[in-house]
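A.B. asks: Okay, structure incoming, though there's no sequence with it:
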């Protein structure tokens, strides 16, 4: 399978603290990579740098072999449409209904005709099981529903890659399952994904590769069973053992 | 009870000033919004030099007393520029500029209280910064600003009374006119005060209704 997204030696520093210290990774079409590691490891910053929500100090991002120049606004906007982003805090647009949230990108960014956009947005909401909630505002939805709307919002733009930044960390335990189900289906449909998560058993079942990050660096990467059970690095083993105790074992 | 005939004759004249007052206030609010909105966007999202410039503007119009500004513009700046503007127009412009400074602060607070993540989400779906501000941030910020505006309306309403010093025929100017002709100061100024109170009440009520009407469902 060909490489679809490549990150090369990407770095970010805030003040005199380097958050991401030269990370490289490449993702093939249809591949699912899961980032694990303690809070503050730089997972979230890395994901946000991939679509330039945080501007890297150094390093390059390539989509389908083309280097993205974030200084060129039009190119950046076009690129971001191809990279769906899911946030921990959902970040729905509070003044718009579920349907409005999904629709607005189609109408305003893709310049799609209003009727076609509505149909497409409805289809995406149905895909995440929220067809009945299209008219509700974010404040009327549960956390799990909000996150599913945000997934529909990203999917509507036909992204080539999805970035998921701890998509279930802000959810009540009861609501995690419905979001996991949607992500699992996405994976089954062949979507390329990079996801940061602490849900180890979910990650093990889904990931093609796991990446353990700490202190701004990739410590170790490999197939989930290797990383979780037979990691070479002691620190990886320690982290996985701890997080496994939290019900992560299958 | 010799003030009754005076009131009967004088009050309709004073009350006619209501329209002048309301037009001055509405005009100043509108001018203030059209100045305050870009200033607020500039202070939150603009580059450093622009923020400095806006700070200077806000400092000037908040720092100099209303009466000084009215005289400065009416007798000083506009004549110097060769502009022959009526007292009414100058009143609307000066009050509008002052209100713009205050409204920029109200709106700045409102913009900052829209969760930051929504700006990120808007960028993430491919919106330009201007689109994100116009389509996502401002529709929410303007809703949040309504209570602050309600305050701004009440302040402008009272400030508008000062424009009588330029000879704008608003409520205060007319009350002063009648009172100094008839020496019935007490009943005339009480009436004017009550009239201002009534206008404050009606305006803030209307804004409260508007606030309720544009409220986002389920949102606190």
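C.D. replies: Received the coordinates, thanks. Keep in mind that what you see is a predicted model, and the values were worked out from it rather than measured.

A.B. asks: Spell out which residues sit in contact with residue A:63, please.
C.D. replies: Applying Cβ atoms under 8 Å, 6 or more residues apart in numbering or on different chains, we find residue A:63 in contact with A:4, A:5, A:79, A:82, A:83, A:160, A:161. Yep, even glycine has a C-beta here, placed from its N, CA and C like the rest.

A.B. asks: which residue sits closest to the residue of chain B found nearest chain A in space, ignoring its chain neighbours?
C.D. replies: At 3.3 Å from chain A, residue B:218 is the closest residue in chain B, using Cβ to the nearest Cβ. Nearest non-adjacent residue to residue B:218, counting by Cβ to Cβ, 6 or more residues apart in numbering or on different chains: residue A:139, 3.3 Å away.

A.B. asks: Report the contact partners of the one you found.
C.D. replies: A:94, B:216, B:217, B:218, B:219, B:220.

A.B. asks: Show the model's pLDDT score for the first one.
C.D. replies: Just to be clear, that refers to residue A:94. Listed pLDDT for residue A:94 reads 95.

A.B. asks: Burial check on it, number of neighbours?
C.D. replies: 20 (other Cβ atoms under 10 Å in any protein chain shown).

A.B. asks: Find the residue closest to it in space, skipping its chain neighbours.
C.D. replies: Going by Cβ to Cβ, 6+ apart, residue A:94 has residue A:138 as its nearest residue, at 5.2 Å.

A.B. asks: Just to check, residue A:146 is in contact with residue A:88?
C.D. replies: No. Applying Cβ atoms under 8 Å as the test, residue A:146 and residue A:88 come out as separate, 11.4 Å apart.

A.B. asks: more neighbours, these two?
C.D. replies: Taking neighbours as other Cβ under 10 Å, residue A:146 and residue A:88 compare with residue A:146 leading, 24 against 18.

A.B. asks: Need the nearest residue in space to residue B:88, chain neighbours excluded.
C.D. replies: residue B:168 (5.3 Å).

A.B. asks: and residue 114, backbone torsions?
C.D. replies: Defaulting to chain A. Main-chain torsions, residue A:114, degrees, to the nearest 10: phi -60, psi -40.

A.B. asks: The intended chain is chain B.
C.D. replies: Main-chain torsions, residue B:114, degrees, to the nearest 10: phi -80, psi 130.

A.B. asks: isn't it right up against residue B:139?
C.D. replies: No. Using Cβ under 8 Å, residue B:114 is not in contact with residue B:139, being 9.3 Å away.

A.B. asks: And the two? Which one has more around it.
C.D. replies: Counting neighbours by other Cβ under 10 Å for residue B:114 and for residue B:139 shows that residue B:114 has the greater number, 21 against 16.

A.B. asks: Provide a list of residues in contact with that one.
C.D. replies: Contacts of residue B:114 (Cβ under 8 Å, 6+ apart): A:94, B:136, B:137, B:140, B:141, B:144.

A.B. asks: what's the answer for residue A:118, then?
C.D. replies: Contacts were defined as Cβ under 8 Å, 6+ apart; by that measure residue A:118 touches A:99, A:103.

A.B. asks: mind redoing it with 7 Å?
C.D. replies: residue A:103 (Cβ atoms under 7 Å, 6 or more residues apart in numbering or on different chains).

A.B. asks: That one sits in which helix or strand?
C.D. replies: Using DSSP states H and E, residue A:118 falls within helix A:114-127.

A.B. asks: tell me which residues of that helix are tucked away?
C.D. replies: A:117, A:118, A:120, A:121, A:122, A:124, A:125, A:127 (16 or more other Cβ atoms under 10 Å in any protein chain shown).

A.B. asks: again with stretch B:10-24
C.D. replies: By neighbour count with 16+ other Cβ under 10 Å, stretch B:10-24 contains the buried residues B:10, B:11, B:14, B:17, B:18, B:20, B:21, B:22, B:23, B:24.

A.B. asks: same thing with stretch A:223-235?
C.D. replies: Within stretch A:223-235, the residues scored as buried using 16+ other Cβ under 10 Å are A:224, A:227, A:228, A:231.

A.B. asks: Around chain A, pick out the residues from chain B.
C.D. replies: Contact residues, chain B versus chain A (Cβ under 7 Å from any Cβ of the partner chain): B:117-118, B:120-121, B:123-128, B:131, B:135-136, B:139-140, B:216-219.

A.B. asks: how about a cut-off of 10 Å?
C.D. replies: B:114-132, B:134-143, B:214, B:216-220 (Cβ under 10 Å from any Cβ of the partner chain).

A.B. asks: what's near enough to touch the residue nearest the centre of chain B?
C.D. replies: Central residue of chain B (Cα atoms, centre = their mean): residue B:29, 3.7 Å from the mean position. If you count contacts by Cβ atoms under 10 Å, 6 or more residues apart in numbering or on different chains, residue B:29 has them with B:36, B:92, B:95-96, B:99-100, B:103, B:149, B:152-153, B:156-157, B:203.

A.B. asks: likewise residue A:70?
C.D. replies: Residue A:70 touches A:49, A:51, A:52, A:55, A:56, A:61, A:76, A:79, A:80, counting by Cβ under 10 Å, 6+ apart.

A.B. asks: Walk me through which strands the helix or strand where residue A:33 lies pairs with, and which way each runs.
C.D. replies: Using DSSP H and E, residue A:33 maps to strand A:32-36. Partners of strand A:32-36 in the sheet, by DSSP bridges, are strand A:192-196 (parallel), strand A:209-214 (parallel).

A.B. asks: right, and the helix or strand after that strand?
C.D. replies: helix A:43-50.

A.B. asks: now the angle between helix A:43-50 and the helix or strand following that next one, please.
C.D. replies: Using DSSP H and E, the helix or strand that follows helix A:43-50 in sequence is strand A:58-63. In terms of direction (axes from the mean of the first three to the mean of the last three Cα atoms, to 10 degrees), strand A:58-63 departs from helix A:43-50 by 70 degrees.

A.B. asks: So is the following helix or strand past strand A:58-63 next to chain B?
C.D. replies: Tracing the chain C-terminally past strand A:58-63 and defining elements by DSSP H and E, one meets strand A:66-67 next. No. Against chain B, strand A:66-67 shows no contacts by Cβ under 10 Å from any Cβ, the least distance being 16.5 Å.
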